[in-house]
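Peer 1: no FASTA, just this:
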Ligand SMILES: NCc1[nH]cc(CCC(=O)O)c1CC(=O)O
């Protein structure tokens, strides 16, 4: 017997309300409808088989401070987890980059969609690449990872805090508040804003955040029906790559708000991993690489993290808790 979704009840997808979160949720809904035709159309006179419910998270409410200052785990996920445990939503769609390394009890993440471009994008009206920026140029970025890696290569540049959606950032660039900014290529693409990208930054120059460009879908651990529905949507390549990167992050006890970067790539079943930690001023960088079987993805991430912890020595991460 083939598994079928329960089409009697509405299947509710929970998401944040940001334009990117909604774009990712529409993509999820399309993939669901393609895999399960029953979910594509309402039965005659029936209720919509799939519904989207927008839920505000703490990260959406605090807009005036860098995320690294607000701190706390699950800034963009906690309220969605609560809605799922309460039964208000069946699944939730997340940027994997914003999902804490530990999920709450009762919630699992069994599905990742095919990964977008993992690179960061350089956005600037005055220069084509970071290398072309004149000394003293100001880059707007609230990401410690991006700031520290840029300062490592270009200590002559200045990095200032900068938040806001793409439109706000473009206006500030136009007004000359900053000379350049950086955003994930994945977000720009999913929003259809490729035209605003000045150039992609290669991963050899700026290593991306753990899980950058990946979409993850959570459900309740006891929801067998949701698990069956999500199974055909999972991209195993993305899942294995992100597993290695998140194992690295977990062992380092980091989040998307710490100057940690990692990228796993696949060539068949061979997984190559690069990991990096950097002091916020960009002065001290520790890097490592691994290569092995994708079956060992998690172990490779942990092993890489342990090498960097040893190399950095005690006290390297003190800035994170101070
Ligand atoms: N931390 C915010 C966040 N979470 C996911 C994305 C972009 C999409 C992605 O990386 O998957 C962004 C913004 C950005 O870094 O440009």
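Peer 2: Now that the structure is in, tell me what you want to look at. Just so it is clear, the structure is predicted and the values come from calculations on it, not from any experiment.

Peer 1: C-alpha from now on. contacts and neighbour counts both.
Peer 2: Noted.

Peer 1: Okay, and whichever residue of the stretch 151-300 of the chain sits closest to the ligand sits in which element?
Peer 2: Residue nearest to the ligand within the stretch 151-300 of the chain: residue 213 (3.3 Å; Cα to the nearest ligand atom). Using DSSP states H and E, residue 213 maps to neither a helix nor a strand.

Peer 1: wait, what's in contact with it?
Peer 2: 95, 96, 97, 115, 116, 117, 118, 184, 185, 186, 187 (Cα atoms under 8 Å, 6 or more residues apart in numbering).

Peer 1: Among these, which lie within helices?
Peer 2: 185, 186, 187 (DSSP state H).

Peer 1: In TSV, list the contacts of residue 213 along with pLDDT.
Peer 2: Formatted as TSV, the contacts of residue 213 follow (pLDDT from 0 to 100):
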residue	pLDDT
95	97
96	97
97	95
115	98
116	98
117	98
118	98
184	97
185	98
186	98
187	96
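
Peer 1: now these as TSV including distance to the ligand and neighbour count?
Peer 2: Formatted as TSV, the contacts of residue 213 follow (distance: Cα to the nearest ligand atom, whole Å; neighbours: other Cα atoms under 10 Å):
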residue	distance to the ligand	neighbour count
95	5	20
96	7	21
97	6	20
115	8	19
116	7	17
117	9	16
118	7	23
184	4	21
185	7	24
186	5	22
187	4	25
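
Peer 1: of these, closest to residue 60?
Peer 2: Closest to residue 60 out of those is residue 95 (13.8 Å), distances taken as Cα to Cα.

Peer 1: Looks like that closest one contacts residue 215 (just checking).
Peer 2: Yes: here residue 95 reaches residue 215: they are 4.8 Å apart, a contact under Cα atoms under 8 Å.

Peer 1: Count the residues that sit near the spatially closest residue to residue 188 that is not a sequence neighbour.
Peer 2: Leaving aside its chain neighbours, residue 188 sits nearest to residue 194 (5.6 Å; criterion: Cα to Cα, 6 or more residues apart in numbering). For residue 194, the count of nearby residues is 15 (other Cα atoms under 10 Å).

Peer 1: of the contacts of residue 213, closest to residue 143?
Peer 2: In terms of Cα to Cα, no member of the contacts of residue 213 lies closer to residue 143 than residue 184, at 11.1 Å.

Peer 1: Confirm residue 311 sits in a helix?
Peer 2: Yes: assessed with DSSP: H, G, I helix; E, B strand; the rest coil, residue 311 lies in a helix.

Peer 1: Need the phi and psi values for residue 191.
Peer 2: Main-chain torsions, residue 191, degrees, to the nearest 10: phi -90, psi 0.

Peer 1: which residues touch the residue nearest the centre of the chain?
Peer 2: Note on the chain: the residue nearest the mean C-alpha position is residue 97, at 2.1 Å, using Cα atoms, centre = their mean. Residue 97 makes contacts with 209, 210, 211, 212, 213, 214, 256, as judged by Cα under 8 Å, 6+ apart.

Peer 1: Pipe those residues into JSON lines and attach distance to residue 42 per row.
Peer 2: Formatted as JSON lines, those follow (distance: Cα to Cα, whole Å):
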{"residue": "209", "distance to residue 42": "39"}
{"residue": "210", "distance to residue 42": "38"}
{"residue": "211", "distance to residue 42": "35"}
{"residue": "212", "distance to residue 42": "34"}
{"residue": "213", "distance to residue 42": "32"}
{"residue": "214", "distance to residue 42": "30"}
{"residue": "256", "distance to residue 42": "39"}
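
Peer 1: for the residue of the stretch 151-300 of the chain closest to the ligand, phi and psi?
Peer 2: phi 80, psi 0.
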